[in-house]
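**Student:** Generate a structure from the sequence data that follows.
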Amino acid sequence: TTTTTTTPTTQNDLNPVTKASWYIVEAFGNVFGNNDDTQISTDRPPASLRETFERIQKDNDASYFVSGKVDSLIYDEDCLFADPFVAFNGRDRFVTNLSNLGSFVTAYTTKVLDYNRVSPTQIKTRIMVKLQLNLPWKPILAWPWGVDYEIDPESFLITKHLESWEIEPLEGVKQIFRKSNAELRPSNDSS
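**Tutor:** From the prediction side, this is the model:
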């Protein structure tokens, strides 16, 4: 089998149906998602690169990408967030989207495959993610997922959060609409 890694995209790279799917899911989350404050408790931005790296690790240990709980103060307010569907600037939009996703995830498992500091200001992760959505047909989404974090050496804040998926974007969307015959056990921690 061939492994396809889908990297962050530009708005012009996607067909209109795939791009529209992402915006529909985001709008659905804004209407029906959980608006609770789900940030990890931190009261200040990081004071060093080492602290930023430690807080990124804590976020990953807490499976922030499926739990919806994130340490928002490690991100620059104008941070670039990109995934195979869309790219945008703005920490608040990212935090809202994560919170909304977290409210739709009923169970998940995660397994860290790689976690590397590739330069003094850059970390790359690769994690196997499997999650079940709280929709009537209980779809299960699963694929290796990664993030390239780029950190400003002066502010110690993440300025780029670039996701990659080892699945074609349209295949990821298709998983949302597939009925699952299995069920994941609810999980509050990585496995």
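
**Student:** Could you report the distance from the nearest residue to residue 177 once chain neighbours are set aside to residue 59?
**Tutor:** On the basis of Cβ to Cβ, 6 or more residues apart in numbering, the spatially nearest residue to residue 177 that is not a chain neighbour turns out to be residue 139, at 6.9 Å. For the C-beta atoms, the positions are set from N, CA and C on the backbone; glycine is no exception. Applying Cβ to Cβ, to the nearest Å, the value for residue 139 to residue 59 is 25 Å.

**Student:** For the two, indicate the residue with more neighbours.
**Tutor:** residue 59 (20 against 17; other Cβ atoms under 10 Å).

**Student:** Pretty sure that one sits against residue 72.
**Tutor:** No. Residue 59 lies out of contact with residue 72 (Cβ atoms under 8 Å); the separation is 9.8 Å.

**Student:** helix/strand/coil for the closest residue to residue 107 other than its chain neighbours?
**Tutor:** Leaving aside its sequence neighbours, residue 107 sits nearest to residue 184 (Cβ to Cβ, 6+ apart; 3.7 Å). At residue 184 the chain is in coil, as set by DSSP: H, G, I helix; E, B strand; the rest coil.

**Student:** check contacts around residue 152.
**Tutor:** 76, 121, 158, 159 (Cβ atoms under 8 Å, 6 or more residues apart in numbering).

**Student:** number of nearby residues for the third one?
**Tutor:** Same thing as residue 158. By other Cβ under 10 Å, 25 other residues sit near residue 158.

**Student:** cool, the second one as well?
**Tutor:** By other Cβ under 10 Å, 18 other residues sit near residue 121.

**Student:** Just confirm it contacts residue 155, I think it does.
**Tutor:** No. Using Cβ under 8 Å, residue 121 is not in contact with residue 155, being 10.8 Å away.

**Student:** circling back: keep only those of the contacts of residue 152 that are in strands.
**Tutor:** Counting by DSSP state E, those place 76, 158, 159 in strands.

**Student:** Include pLDDT and distance to residue 82 when you put the residues you listed into a markdown table, please.
**Tutor:** Listed next are the ones in strands among the contacts of residue 152 as a markdown table, based on pLDDT from 0 to 100; distance: Cβ to Cβ, whole Å:
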| residue | pLDDT | distance to residue 82 |
| --- | --- | --- |
| 76 | 98 | 14 |
| 158 | 98 | 13 |
| 159 | 98 | 12 |
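
**Student:** which one of the residues you listed is nearest residue 174?
**Tutor:** Proximity of the ones in strands among the contacts of residue 152 to residue 174 (Cβ to Cβ) peaks at residue 158, which lies at 30.8 Å.
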